[in-house]
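S.K.: requesting a structural model of the entry that follows:
(chains A and B)
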Amino acid sequence: MDIVITICSGFFLLVGSFLCISGGIGLLRFPDFYTRMHAVGVTDTLGAGMILVGLMILSTDFLVFAKLVMVLLFTLLIGPTTSHVLAKAAFHNGVIPKDSNNLRQTEEKENTSSIL
Amino acid sequence: MIDIVLLTLLVVVAIAIIRMKDLFAVVMLTGIYGLLSASFFVAMDAVDVAFTEAAVGAGISTLLMLVVITMTGRKEKPTRHKPFSALFVVIITGGLLIYGTLDMPYFGSADAPIHNHTSPRYINDSMEEIGIPNIVTSVLASYRAFDTFGEVVVIFTAGIGVLTLLCVARSKEYEAEVESINDSMHQQHLVIRIVAKMLIPFIFLFALYVQFHGDFGPGGGFQAGVIFASAIILYAMLFGLSTAHKIINQTLIQLIAALGVLLYGSVGIVSLMNGGNFLDYNVLSSNPITGQHLGILLIEWGVGCTVASVIVVIFFNLAARRAFQQHKKQAQDKESSAC
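M.R.: This is a model prediction of the structure:
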């Protein structure tokens, strides 16, 4: 039983760490703001969640388990929200995604027709 | 190993803060600096200090500086004067300070005075004398209560200073205008508003947990106050200043800030009147341990009230000043276009 728990939690921790690292690489390597934010926003939520699940499997104390569950819920709620707000703020301030001719045209149209 | 990594990162961030010209990035870096030092404190097993640093250094102070930046502008002004004389003074002072530390016992050495009589006394006797498991809280709130009183008064003074410098007399007409702006903004921040509405009660609950759990784990009035204030600030940021003003009366908040200090001080006075020293809680109740518990509970309440309300007052005044500035600018623009 012990070995099953160790392997399970190890698996979750490894996957979580891998996701976090890949998010970090994405943050450094991706071309523009939105893809970078996407890389970090998606992988970090899942990666942190995975690490928390791995720790939950390891925890013997109920109080620790409950606290980890609360942190997990908090992360699941906060991560996507911050990504959304960041993207929205960037878009409002006129950061245009790279390689999006379509969007640029609509943006220009909007600018010429009326002030948002 | 992790100490070296964290300290290196701290140095790198500090140098980046000095070199950067973009103030927004500098503020973000100070937040990172606070978070790094919090992690460093955790690595040193000083969780109470780490908690305070994470809440104050990385959280609230970053936020307040961001509010200030929205008023002052993002760019640092280019310096014209030669920095060499300042550098000279700094090097001399730093050298003297380092020379002063040479007399101090080596870091972590076992025969340092603090390890010979102060720490053993706290570690061995605090459970018997104070009766709470978290030694940090018993040192902070009971043995060194007078120092903590000084800290609370400092925070209160900061609040008063901000009030005197930034207080804006609000007119009715201007408030109506702000309200209409708020109404038009209602559609914009829908997602984050809903998430914040879900979270704010839990943030308050967590603040209360930190407040009352200070006897048993890391926590206490300072951290709880900051968390409590951050929930209110989050609300004010998302729902507009005037909506927040409607819910939270600023006069009441100022009163609470004063009452917190008063509560702290009067615990000391009551212990004086009961025949003990100032802030000696043993005499508050017939049983010394109960007296200590009561005293610590009361002064932590005082600290929490003062910290929370001072931070809320500072934020409200900064934000009101900002809104006032923008309002004035708009009015001027209107006048100039009419001419």
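S.K.: so is the strand or helix carrying B:L238 next to chain A?
M.R.: Element membership for B:L238, per DSSP states H and E: helix B:221-239. No: figure legend: helix B:221-239 not in contact with chain A (CB under 8 Å from any CB of the partner chain); closest approach 10.2 Å. In this view, the C-beta of every residue, glycine as well, is placed from N, C-alpha and C.
S.K.: mind giving me the packing neighbours of that helix?
M.R.: helix B:47-52, helix B:190-213, helix B:241-247, helix B:288-338 (3 or more CB pairs under 8 Å, 6 or more residues apart in numbering or on different chains; DSSP states H and E).
S.K.: that one: how far from the chain's middle?
M.R.: Mean-position distance between helix B:221-239 and its chain equals 11 Å (CA atoms, centre = their mean, to the nearest Å).
S.K.: at the contact with chain B, which residues of chain A appear?
M.R.: So far as CB under 8 Å from any CB goes, chain A lies against chain B at A:F74, A:L77, A:I78, A:T81, A:H84, A:V85.
S.K.: list the contacts of the third one.
M.R.: A:I78 makes contacts with B:V195, B:L199, as judged by CB atoms under 8 Å, 6 or more residues apart in numbering or on different chains.
S.K.: pLDDT at it, what is it?
M.R.: Looking at A:I78, its pLDDT is 89.
S.K.: on that earlier part again, what's the angle from the helix holding B:L238 to helix B:190-213?
M.R.: Orientation check (axes from the mean of the first three to the mean of the last three CA atoms, to 10 degrees): helix B:221-239 against helix B:190-213 gives 160 degrees.
S.K.: buried residues in helix B:221-239?
M.R.: Using 16 or more other CB atoms under 10 Å in any protein chain shown as the test for burial, helix B:221-239 gives B:221-239.
S.K.: can you put the helices and strands packed on helix B:221-239 in TSV and add distance to B:I4?
M.R.: Shown next, in TSV, are the helices and strands packed on helix B:221-239 (distance: least, CB to CB, whole Å):
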stretch	distance to B:I4
helix B:47-52	18
helix B:190-213	31
helix B:241-247	45
helix B:288-338	34
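S.K.: ok, which of these comes nearest chain A?
M.R.: Distance to chain A, taken as CB to the nearest CB, is lowest for helix B:190-213 among the helices and strands packed on helix B:221-239, at 4.6 Å.
S.K.: what does the closest one contact?
M.R.: A:74, A:77-78, A:81, A:84-85, B:51, B:219-221, B:223-225, B:227-228, B:230-231, B:234-235, B:238-239, B:300-301, B:304, B:308.
S.K.: cool, and stretch B:312-327?
M.R.: Contacts for stretch B:312-327 (CB under 8 Å, 6+ apart): B:63-64, B:67-68, B:70-71, B:158-159, B:162-163, B:166-168, B:170, B:174, B:177-178, B:229, B:232-233, B:236, B:241, B:244-245, B:248, B:250, B:253-254, B:257.
S.K.: of those residues, select the buried ones using a PyMOL command.
M.R.: If you want just the buried ones from these in PyMOL, going by 16+ other CB under 10 Å, the selection is:
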select buried, chain B and resi 63+64+67+159+162+163+166+170+174+177+178+229+232+233+236+241+244+245+250+253+254+257
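S.K.: how about chain A: which residue is closest to chain B?
M.R.: A:T81 (4.6 Å).
S.K.: number of residues surrounding that residue?
M.R.: When neighbours are counted by other CB atoms under 10 Å in any protein chain shown, A:T81 registers 18.
S.K.: same question, B:K246
M.R.: 12.
S.K.: and B:G95, by the same measure?
M.R.: 10.
S.K.: what of the one 10 residues further on?
M.R.: Residues near B:P105, counting by other CB under 10 Å, number 12.
S.K.: what about it, which SS state?
M.R.: Three-state assignment for B:P105 (DSSP: H, G, I helix; E, B strand; the rest coil): coil.
S.K.: phi, psi of it?
M.R.: With angles defined as degrees, to the nearest 10, B:P105 sits at phi -60, psi 150.
S.K.: surely it and B:D111 touch.
M.R.: Yes: under the criterion of CB atoms under 8 Å, B:P105 makes contact with B:D111 at 7.1 Å.
S.K.: mind listing what A:V40 touches?
M.R.: Here A:V40 is in contact with A:G23, A:G24, A:G26, A:L27, A:S83 (CB under 8 Å, 6+ apart).
S.K.: now which of these would you call buried?
M.R.: The buried subset of the contacts of A:V40 (16+ other CB under 10 Å) comprises A:G23, A:G26, A:L27, A:S83.
S.K.: contact partners for A:S17?
M.R.: A:G47, A:I51.
S.K.: looks to me like it is in a helix.
M.R.: Yes: under three-state DSSP, A:S17 falls within a helix.
S.K.: that one and A:M50: what is the separation?
M.R.: 8 Å (CB to CB, to the nearest Å).
S.K.: kindly report the same for B:E76.
M.R.: 41 Å.
S.K.: the two - which one has more neighbours?
M.R.: Of the pair B:E76 and A:M50, A:M50 is the one with more neighbours under other CB under 10 Å, namely 22 against 11.
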